[in-house]
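> Sequence first, predicted model second:
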Amino acid sequence: MATGSYDANGIWNYGEDDNIALFSDTLNKLADSTSDAFTSDRSRLSTLEAGSLSGLIPVKPATVTVATGTASVNTLGVVTFTGATAISLNNVFSLEYTHYKVMLRLDNSSAGNTACLRMRTAGTDDSSANYNRAGYYINVGGSLTGWTAASQTLLSVVNMDVFTSGTMFAFAELTIANPKMTTRTIVNSTALGRDSIGAWQNTTSNAVNNAATSYDGFTFFPNGAGTFGGTIQVFGYND
């Protein structure tokens, strides 16, 4: 009887020296199928381990720092926070990605104000006058208003003056370019919130941080008294 052997995936292939239809042929049909499945699965695992998937990849911060309130992070990096005067994501940026998408959803606040952003490195916010920004906003039923602001210490992201507790009342989507590189960091955002009389307000802004600094994180905070809560998730553009 011919001796069987293992294939490249460690699946045993039977051998026989009969000159008729072999029993091993039947057994090997199952083995071949199982072996093919191993090859396919290993290929997919190699792709995942190499980080070679295209598109948006969830990025989990190494740590989260919350002032006053509480925060938690799930396996996909979704940060849920409440009662915070500030929420910081640390070591979420790396040189693995050049561009990042940040999704900010707000569903509670103790006072009417604006949600703002500062870049952050090594656990410290950049609160210097490095931020230049421009944009426009429009209220439902209102007119378009433009604005510019140079040498600011923060970036205004979304108005959250009026809300209904327990429901989404403000949302912002930010694209951040070059945060980890030692060059200018660019932040573009679109947001929907409510103004002081409860009218929905759409805001689009473009900003640049002129400091040639490598940032590894950021902080969101209300620009004024009070606390806020919601969720934050970061994605890297794997292109």
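That came through fine.
> is L104 in a bridge, and if so with what?
With DSSP bridges applied, the residues forming beta bridges to L104 are A172, I232.
> residue contacts, it?
With contacts defined as Cβ atoms under 8 Å, 6 or more residues apart in numbering, L104 is in contact with 115, 157-158, 170-174, 220, 230-232. C-beta here means a position set from N, CA and C on the backbone, and glycine is covered the same way.
> Kindly report the same for T153.
With contacts taken as Cβ under 8 Å, 6+ apart, T153 has the following neighbours: 118, 127-131.
> Over to G83?
By Cβ under 8 Å, 6+ apart, the residues touching G83 are 68-70, 110, 227, 229.
> ChimeraX command to pick out the buried ones of those?
In ChimeraX, the members of those classed as buried (16 or more other Cβ atoms under 10 Å) are selected with the following command:
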select :227,229
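> Most widely separated two among the contacts of G83?
With distance counted by Cβ to Cβ, no two of the contacts of G83 lie farther apart than T70 and S110, which are 14.3 Å apart.
> right, and the helix or strand after the helix or strand of the chain with the lowest mean pLDDT?
Among the helical and strand segments of the chain, the one scoring lowest on mean pLDDT, DSSP states H and E is helix 23-49, with a mean of 65. Past helix 23-49, further along toward the C-terminus, the next helix or strand under DSSP states H and E is strand 55-59.
> Now do that next one: everything it contacts.
Counting contacts by Cβ under 8 Å, 6+ apart, the residues touching strand 55-59 from outside are 51, 76-77, 92, 97, 100-101, 233-238.
> tell me which of the residues you listed is nearest to T185?
Of all those, the one with the least separation from T185 (Cβ to Cβ) is Y100, at 10.3 Å.
> Would you check that the closest one makes contact with N238?
No - assessed by Cβ atoms under 8 Å, Y100 is found out of contact with N238, at 10.8 Å.
> What subset of the contacts of L104 is buried?
In the contacts of L104, burial by neighbour count holds for 115, 157-158, 170-172, 174, 220, 230-232, counting by 16+ other Cβ under 10 Å.
> which one of those residues is nearest A212?
The nearest member of the buried ones among the contacts of L104 to A212, counting by Cβ to Cβ, is L174 at 20.7 Å.
> Please identify the helix or strand for the closest one.
If you go by DSSP H and E, L174 is part of strand 170-177.
> could you point out which element follows that strand?
Toward the C-terminus from strand 170-177 - assigned by DSSP H and E - lies strand 183-194.
> Can you identify the element that follows that following strand toward the C-terminus?
Remark: after strand 183-194, the chain's next helix or strand is strand 200-213, criterion DSSP H and E.
> how about stretch 119-135 as PDB, C-alpha atoms only?
Listed next in PDB are the C-alpha coordinates belonging to stretch 119-135 (Å, rounded to 0.1, in the frame of the first residue of the first chain):
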ATOM      1  CA  MET A 119      -5.100  68.900  19.300                       C
ATOM      2  CA  ARG A 120      -3.100  67.100  21.900                       C
ATOM      3  CA  THR A 121       0.200  65.400  22.400                       C
ATOM      4  CA  ALA A 122       1.800  63.400  25.200                       C
ATOM      5  CA  GLY A 123      -1.200  64.100  27.400                       C
ATOM      6  CA  THR A 124      -1.200  67.900  27.000                       C
ATOM      7  CA  ASP A 125      -3.600  70.000  24.900                       C
ATOM      8  CA  ASP A 126      -2.300  72.600  22.400                       C
ATOM      9  CA  SER A 127      -3.900  75.700  23.800                       C
ATOM     10  CA  SER A 128      -1.600  78.100  22.100                       C
ATOM     11  CA  ALA A 129      -2.900  80.600  19.500                       C
ATOM     12  CA  ASN A 130      -2.000  78.200  16.600                       C
ATOM     13  CA  TYR A 131      -5.500  77.800  15.100                       C
ATOM     14  CA  ASN A 132      -6.800  79.700  12.100                       C
ATOM     15  CA  ARG A 133     -10.300  78.900  10.900                       C
ATOM     16  CA  ALA A 134     -12.900  80.000   8.400                       C
ATOM     17  CA  GLY A 135     -16.400  78.700   7.500                       C
END
